[in-house]
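Asker: what would the 3D arrangement of this be:
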Amino acid sequence: MSRPALLLLLFFLFHAKAWAGEIALILADDSAPYREFASSLQKNLQAGWKIAYTDNNLRPADRQPVDLIVTAGSGALRTALAANPKTPILATLLPEYSYQAALVEARAPPLVSAIYLDQPAKRQARLLRLLFPEVRRVGLLVSDQSAPQIASFRSALTLQRMQLHSEQASNEQQILPTLENLLARSEVLLAVPDALIYSRSSIRPLLITAYRFQRPVIGFSASLAKAGALAALYSTPAQIGRQAGALISVHGNRLPPPRPPSEYSLTINQSVADAFGLRLPDETDLLQKLLTSGTEE
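Answerer: Sure thing, here's the model as predicted:
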């Protein structure tokens with residue numbers, strides 16, 4: 001074998017070893033969304049990476065060492081961090097505020113990165129413009145959890161010639177009175193992940209109030225669209241799993257900075273559109289326009 005060929009072989013062997021390892025996959029629970037994520041991640045891992053075990057707890061490093069920890073869900077990240085590992089962690093299936101809060105609570109976190117559930121503000125602003133060419137005033141109801149996003153949404157909406165109106169509720173009792181004040185000044189309500197504002201107990205009265213004001217709601221999950229939001233932009237567990245698998249295959253455990261989801265889905269509730277008397281663009285056409293709009297970040 002010639003010297004250049006030998007050097008090339010050694011280069012590939014070195015990098016094959018460098019970009020291979022075992023993963024501990026920690027799930028918040030055993031429900032269908034987390035199983036869907038786990039399956040997708042497994043299918044999309046390449047370059048020698050494999051899942052050593054899947055559990056809802058992190059095993060001691062001296063008993064079963066791994067090269068990377070992947071968590072799915074906010075509780076899973078907190079569980080992993082509580083074990084005080086030295087191994088890098090890739091957190092998934094959680095909103096940005098949960099990720100930041102978990103890091104603040106951790107004593108001495110290792111290298112940690114994330115793929116957020118939150119859709120980028122520019123992506124959502126572009127969807128609003130595609131759905132509502134004439135809308136100028138967008139409402140955003142937040143709590144302490146999601147309030148840090150106000151600035152990015154204001155900037156993104158300004159680029160789409162829309163104005164942001166925001167209100168903040170500090171507890172469940174304040175949600176509906178604050179919402180009514182916001183809806184009186186808005187033409188559409190944009191919902192973002194926030195465990196206080198959009199809890200199981202608050203979603204139904206919130207949607208009823210928005211309908212009473214004749215203000216459509218744009219949500220962040222398929223379940224929210226099913227419950228009565230006009231539309232929802234979201235990433236499925238399978239899509240997040242694909243992104244996580246690709247990221248690990250390229251970067252290994254040398255994790256890049258946290259990022260939003262790269263793949264996403266769109267659901268329109270046609271019954272709600274009919275109730276509002278809206279004739280919306282086709283769901284497939286809308287998604288294609290979003291994908292080609294150049295506003296992904």
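Asker: the domain parsing of this protein - what is it?
Answerer: The chain breaks down into these domains under automatic domain parsing: 3-117+238-251, 121-234+264-291.
Asker: can you add mean neighbour count and give the ones you listed back as TSV?
Answerer: C-beta: built from backbone N, CA, C; applies to glycine. Below are the domains of the chain laid out as TSV (neighbours: other C-beta atoms under 10 Å):
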stretch	mean neighbour count
domain 3-117+238-251	17
domain 121-234+264-291	18
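Asker: once you drop chain neighbours, what's closest to A273?
Answerer: L280 (5.3 Å; C-beta to C-beta, 6 or more residues apart in numbering).
Asker: would you confirm that the one you found contacts L131?
Answerer: Yes. Using C-beta atoms under 8 Å, L280 is in contact with L131, at 6.3 Å.
Asker: need the residues touching each of these two.
Answerer: 231, 286 (C-beta atoms under 8 Å, 6 or more residues apart in numbering).
Asker: what pLDDT, on average, does stretch 122-141 get?
Answerer: Stretch 122-141 carries an average pLDDT of 96.
Asker: oops, could you answer that again for stretch 95-104 instead?
Answerer: On average, stretch 95-104 scores 95.
Asker: same check, this time on stretch 67-78
Answerer: 98.
Asker: and that stretch, how far from the chain's centre?
Answerer: How far stretch 67-78 lies from its chain's middle: 14 Å, per C-alpha atoms, centre = their mean, to the nearest Å.
Asker: can I get it as PDB, trimmed to CA atoms?
Answerer: The C-alpha trace of stretch 67-78 is given here as PDB (Å, rounded to 0.1, in the frame of the first residue of the first chain):
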ATOM      1  CA  ASP A  67     -20.300   8.400  25.600                       C
ATOM      2  CA  LEU A  68     -23.400  10.500  25.300                       C
ATOM      3  CA  ILE A  69     -26.700  11.000  27.200                       C
ATOM      4  CA  VAL A  70     -29.800  11.800  25.200                       C
ATOM      5  CA  THR A  71     -32.900  12.900  27.200                       C
ATOM      6  CA  ALA A  72     -36.500  13.200  26.000                       C
ATOM      7  CA  GLY A  73     -38.700  15.500  28.000                       C
ATOM      8  CA  SER A  74     -38.100  18.100  30.700                       C
ATOM      9  CA  GLY A  75     -38.300  15.600  33.600                       C
ATOM     10  CA  ALA A  76     -35.700  13.300  31.900                       C
ATOM     11  CA  LEU A  77     -33.200  16.200  31.600                       C
ATOM     12  CA  ARG A  78     -33.600  17.000  35.300                       C
END
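Asker: in contact with the residue nearest to A273, which residues?
Answerer: Applying C-beta under 8 Å, 6+ apart, the residues contacting L280 are 131, 231, 268, 273, 286.
Asker: how near is it to I268?
Answerer: Distance, L280 to I268, using C-beta to C-beta, to the nearest Å: 6 Å.
Asker: before we move on, the earlier item: so the residue nearest to A273: helix, strand or coil?
Answerer: coil (DSSP: H, G, I helix; E, B strand; the rest coil).
Asker: just P193 next, same as before
Answerer: coil.
Asker: nearest residue to it other than its sequence neighbours?
Answerer: P95 (3.9 Å).
Asker: what separates that neighbour from Q119, distance-wise?
Answerer: 10 Å.
Asker: so who does the residue lying closest to R161 once chain neighbours are set aside touch?
Answerer: Spatially, and ignoring its direct neighbours in sequence, R161 is nearest to R136 (7.3 Å; C-beta to C-beta, 6+ apart). By C-beta under 8 Å, 6+ apart, R136 lies in contact with 161-163, 187.
Asker: report the two of those separated the most.
Answerer: Pairwise distances across these (C-beta to C-beta) peak at 13.0 Å, for the pair R161 and E187.
Asker: low-confidence stretches in the stretch 101-250 of the chain?
Answerer: Of all residues in the stretch 101-250 of the chain, none has pLDDT under 70.
Asker: going by residue numbers, what spans are strands in it?
Answerer: For the stretch 101-250 of the chain, strands defined by DSSP state E, counting those that start in this stretch occupy the ranges 112-116, 137-142, 163-168, 188-190, 217-219, 231-234.
Asker: re the thing from before, what are the phi and psi angles of the residue nearest to P193?
Answerer: phi -70, psi 160 (degrees, to the nearest 10).
Asker: surely it and I115 touch.
Answerer: No. Applying C-beta under 8 Å, one finds P95 not in contact with I115, separated by 11.3 Å.
Asker: spatially nearest residue to R254 (excluding sequence neighbours)?
Answerer: P88 (7.8 Å).
Asker: and A108, by the same measure?
Answerer: Per C-beta to C-beta, 6+ apart, closest to A108 is N84, 6.8 Å.
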